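Undergrad: sharing a model that was predicted from the sequence below.
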Amino acid sequence: MSIAEKIEDLREKLRHHEHLYYVLDSPEISDTQYDAMMRELDVLEKAHPEFLTPDSPTQRVGGKPREGFVKVPHSSPMLSLDNAVGEEELRAFDQRLRGLLKEGEAYAYVAELKMDGVSMAVHYRHGKLALAITRGDGSIGEDVTENARTIRAIPLQLRGHIKETSSDREARGEVVLNRKAFEKLNAEQEAQGARLFANPRNAAAGALRVLDPAITASRQLDYFTYFLLADGAPAHKTQWEALEALKRLGFKVNPHSRRFEDIDVLVAFCKEWEEKRDSLPFEIDGVVVKVDSVEQQNRLGWTAKAPRWAIAYKFPARQEETLLESIDVNVGRTGAVTPWARLKPVNIGGVTVSRATLHNEDEIERLGVQGGDRVLVERAGDVIPKVVRVVRQGDHRMPFRMPKSCPVCGGEIVRVEGEAISRCINTNCPARLKESVLHFAARGVMDIDGMGESLVSQLVDSGLVKNVADLYRLTLEDLVELERLGTKSAEKLLKNIESSRQRPLPRILNGLGIPFVGERTAQFLADAFGDLDKIATADEEELQRAEEVGPKVSQSIRRFFHEKHNRELIERFREERLPFKYQAKRKVGGPLAGMTFVLTGTLPALSREEAENLIESAGGKIAGSVSKKTSYVVAGADPGSKLDKASALGVKVIDEAALRELAERSG
């Protein structure tokens, strides 16, 4: 094989794998293999520049940044579409169309999801990419060819049969940025202290019009086509045939496009995607409906602004401008203190919105928003509305300051270094009490079986439980008054509560809900100090004596016990005779020394606590989650997701019998 043949062979292979990866989303080789082929081609082309061609995969990004964009006329106008807002207007469009066609004449529609991106036309001469033009004003756009070359979904050379690639072709489509790429881009912007993009469409437009193609390449733009033309006119007899031809030529076509001969089914399709729009990896703002037959399209004609044979079924608007009256805070069930915007009520997509999330202090600073500003508010599906940006600053602005004390209980509000969220750290804060009780009673913590969400809500709402420790003061008379709780169930629950008094110190520590102190850390703290009072009074340096307790965790523990409400809870636990002392059970040495175990499911003979005792007494460690450091996962009946994680990481799974055998073998 000659050098020229080898270079062309590599190009063909790379084009094939680009198409599989970027268009069909079904790669056959790894990124490493692809990169190796690209490097080999690049080396050969540099050594033999006489064989370098503009359509080579190595030439997607190259050259110096330009000084500006050249205006270029379109082969035929890129017209906008009339809109149909709601079912009634879509049916009216269908009725008008019937009136324009011959009586009883059959027709069909092609429906395509309306991508929320930037329109662009790409031209091919003799099968090779020659020109890319933005929509502009519909008649004249800007030459962005060098930037378009960096978009991997745009073929530099058309695929398919000679018949379809020998003459000039023009594909029109939408440049888009998917949600993940958009979030990544904004995260990078935020990290650099740069301005964030309002939405994926704006980000795509900005990336397409930057003067340096290398920047465009870094934005991971995508391209979906919807028209195929030859000499400015449709290249096929129907729109459906054109979409199929675009696929053959190597372009990406929205996979959810459908052909309909019934308006009722078409309406149902539009409504379906209005509900499912948030399930897609990219943004859509409606459905484009076109008459399928090009001959019928020509007879139906155009108005001055739009074709009569197509319409955009628009989803309800989800952004509106309103007044941000003030910024308040809400204390969530986990103690998270979240700022929110009190808004002058505004209708967004059929829903009256009077409040919107502001997430955290960093978000407020990023937006530069204050009380009294005019803001743009966005609602996406069932997601809580959020403030997108400030439209106009108010004359009498009110800056936000995170309160130092919880507005619900007066407890201390803390923001841990490196965390975006501030929290009320009072375990018994009324705003988080239900969640605190549920966590305390949970399986693997204090194991109070029967303490479900519905029951906890009744206990807290009725005032029977105002403090986690109040669980130990409940009586049979209290419980039988609650809904759907008979005498037998109440007696069983009281027995379970009483049994929980015997849970060891690691369980109590876990049950307190100290940030960053879960099952594993609680065990290390109990092993290191052996006494709850010692943990509660230790300074940060002393706390770091415990295994895996660093500055962040020790600071969180210190803050927790500094809060007076939490110290009061500890005293209540003392009154209820919960065990504060602890004797480390893990044996130094032993057959399981150096091994870490994770338990999942119900074992045939051992309770969870008995299994933990068995492991620790043989020198092993217990972990709450599976990682590469896990030695064994011990699985019983009805195992959870830990089993899947073990399989994914290649961690060995054993049963109770195998565990006993390991624990009983001689050191």
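TA: Good, I have the coordinates.

Undergrad: any idea how far residue 202 is from the closest residue to residue 69 other than its chain neighbours?
TA: Closest residue in space to residue 69, ignoring its immediate chain neighbours: residue 142 at 4.0 Å, by CB to CB, 6 or more residues apart in numbering. Every residue, glycine included, has its C-beta placed from N, CA and C. Between residue 142 and residue 202 the distance is 17 Å, computed by CB to CB, to the nearest Å.

Undergrad: what is the helix or strand in which residue 326 is found packed up against?
TA: Using DSSP states H and E, the element containing residue 326 is strand 319-331. Applying 3 or more CB pairs under 8 Å, 6 or more residues apart in numbering; DSSP states H and E, one finds that strand 319-331 contacts strand 336-348, strand 374-378, strand 386-392.

Undergrad: want to try CSV for these, with distance to residue 226, mean neighbour count and mean pLDDT as columns?
TA: Compiled in CSV, the helices and strands packed on strand 319-331 are given as follows (distance: least, CB to CB, whole Å; neighbours: other CB atoms under 10 Å; pLDDT from 0 to 100):
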stretch, distance to residue 226, mean neighbour count, mean pLDDT
strand 336-348, 29, 18, 89
strand 374-378, 26, 19, 92
strand 386-392, 28, 17, 91
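
Undergrad: end to end, how far does stretch 420-432 reach?
TA: 19 Å (CA to CA, to the nearest Å).

Undergrad: report the buried residues of it.
TA: Residues 421, 422, 423, 424, 425, 426, 427, 428, 429, 431, 432 are the ones in stretch 420-432 that count as buried (16 or more other CB atoms under 10 Å).

Undergrad: make sure residue 479 is actually in contact with residue 486.
TA: No. Using CB atoms under 8 Å, residue 479 makes no contact with residue 486, being 9.4 Å away.

Undergrad: these two: who's more crowded?
TA: Using other CB atoms under 10 Å as the criterion, residue 479 and residue 486 rank with residue 479 on top: 21 against 11.

Undergrad: and the more buried one, how far is that from residue 491?
TA: Per CB to CB, residue 479 is found 9 Å from residue 491.

Undergrad: with residue 116 instead?
TA: With CB to CB as the criterion, residue 116 and residue 491 are 59 Å apart.

Undergrad: the more surrounded of these two?
TA: Neighbour count, other CB under 10 Å: between residue 116 and residue 491, residue 116 has more, with 19 against 13.

Undergrad: once you drop chain neighbours, what's closest to that one?
TA: Residue 116 sits nearest to residue 283 (CB to CB, 6+ apart), 4.1 Å away.

Undergrad: same deal with residue 562?
TA: residue 412 (7.5 Å).

Undergrad: per-residue pLDDT, that neighbour?
TA: pLDDT for residue 412: 91.

Undergrad: and for residue 655, nearest residue in space, chain neighbours not counted?
TA: Nearest non-adjacent residue to residue 655, counting by CB to CB, 6+ apart: residue 635, 6.5 Å away.

Undergrad: next: residue 608.
TA: residue 599 (6.0 Å).

Undergrad: any idea of the mean pLDDT for the helix or strand hosting the one you found?
TA: Using DSSP H and E, residue 599 falls within strand 596-600. Regarding strand 596-600, the rounded mean pLDDT is 90.

Undergrad: counting contacts, what elements does it pack onto?
TA: helix 608-617, strand 621-622, strand 632-635, helix 641-649.

Undergrad: contacts for it next, please.
TA: 608, 611-612, 615, 620-626, 629-636, 639-640, 642-643, 646, 659 (CB atoms under 8 Å, 6 or more residues apart in numbering).

Undergrad: quick check: residue 536 touching residue 561?
TA: Yes. If you go by CB under 8 Å, residue 536 and residue 561 touch, sitting 4.4 Å apart.

Undergrad: these two: which has the busier surroundings?
TA: With neighbours defined as other CB under 10 Å, residue 536 and residue 561 compare such that residue 561 has more, 20 against 17.

Undergrad: so where do the helices sit in the stretch 101-250 of the chain?
TA: Secondary structure of the stretch 101-250 of the chain (DSSP state H, counting those that start in this stretch): helices located at 145-148, 162-165, 179-191, 200-208, 213-218, 239-248.

Undergrad: in terms of mean pLDDT, which of the ones you listed ranks lowest?
TA: Among those, helix 162-165 carries the lowest mean pLDDT (a mean of 53).

Undergrad: spatially central residue in this structure, please.
TA: residue 180 (7.4 Å; CA atoms, centre = their mean).

Undergrad: can you pull the contacts of that one?
TA: residue 281.

Undergrad: so which of residue 142 and residue 202 has more stuff around it?
TA: Neighbours were counted for residue 142 and for residue 202 using other CB under 10 Å; residue 142 has more, 19 against 13.

Undergrad: now residue 579: which helix or strand?
TA: With DSSP H and E as the test, residue 579 turns up in no helix or strand.

Undergrad: same check, this time on residue 524
TA: helix 519-529.

Undergrad: next helix or strand past that helix?
TA: Next element after helix 519-529 (DSSP H and E): helix 532-537.

Undergrad: neighbours around residue 57, how many?
TA: When neighbours are defined as other CB under 10 Å, residue 57 has 21 of them.

Undergrad: was I right about it contacting residue 13?
TA: No. Residue 57 lies out of contact with residue 13 (CB under 8 Å); the separation is 9.4 Å.

Undergrad: count of neighbours near residue 28?
TA: Residue 28: 10 neighbours (other CB under 10 Å).

Undergrad: which SS class is residue 290?
TA: strand (DSSP: H, G, I helix; E, B strand; the rest coil).

Undergrad: leaving out the residues flanking it, which one is nearest to it?
TA: What sits nearest to residue 290 in space, not counting adjacent residues and going by CB to CB, 6+ apart, is residue 310, at 4.4 Å.

Undergrad: just residue 492 next, same as before
TA: Here the residue nearest residue 492, using CB to CB, 6+ apart, is residue 450, at 6.4 Å.

Undergrad: would you agree the one you found is in contact with residue 488?
TA: No. Taking CB under 8 Å as the definition, residue 450 is not a contact partner of residue 488, at 11.1 Å.

Undergrad: quick one: which of those two has more around it?
TA: More crowded of residue 450 and residue 488, by other CB under 10 Å: residue 450, with 15 against 8.

Undergrad: surely that one is within a strand?
TA: No. Applying three-state DSSP, one finds residue 450 to be coil, outside a strand.

Undergrad: could you report the distance from it to residue 577?
TA: For residue 450, the distance to residue 577 - CB to CB - is 22 Å.

Undergrad: before we move on, the earlier item: given the strand holding residue 599, what are its sheet partners and their directions?
TA: Its sheet considered, strand 596-600 pairs with strand 621-622 (parallel), strand 632-635 (parallel) by DSSP bridges.

Undergrad: for it, what is the distance to the chain centroid?
TA: With CA atoms, centre = their mean, to the nearest Å as the basis, strand 596-600 stands 29 Å off its chain's centre.

Undergrad: compute the inter-axis angle for it and helix 608-617.
TA: With axes from the mean of the first three to the mean of the last three CA atoms, to 10 degrees applied, the angle from strand 596-600 to helix 608-617 works out at 170 degrees.

Undergrad: returning to what we had before: and the residue nearest to residue 492, its phi and psi?
TA: phi 100, psi -10 (degrees, to the nearest 10).

Undergrad: so what's it up against?
TA: Contacts of residue 450 (CB under 8 Å, 6+ apart): 489, 492, 493, 496.

Undergrad: can I assume residue 148 is in contact with residue 122?
TA: Yes. If you go by CB under 8 Å, residue 148 and residue 122 touch, sitting 6.2 Å apart.

Undergrad: so what sits against both of the two?
TA: Looking at what touches both residue 148 and residue 122 (by CB under 8 Å, 6+ apart), the common residues are 129, 132, 154, 223.
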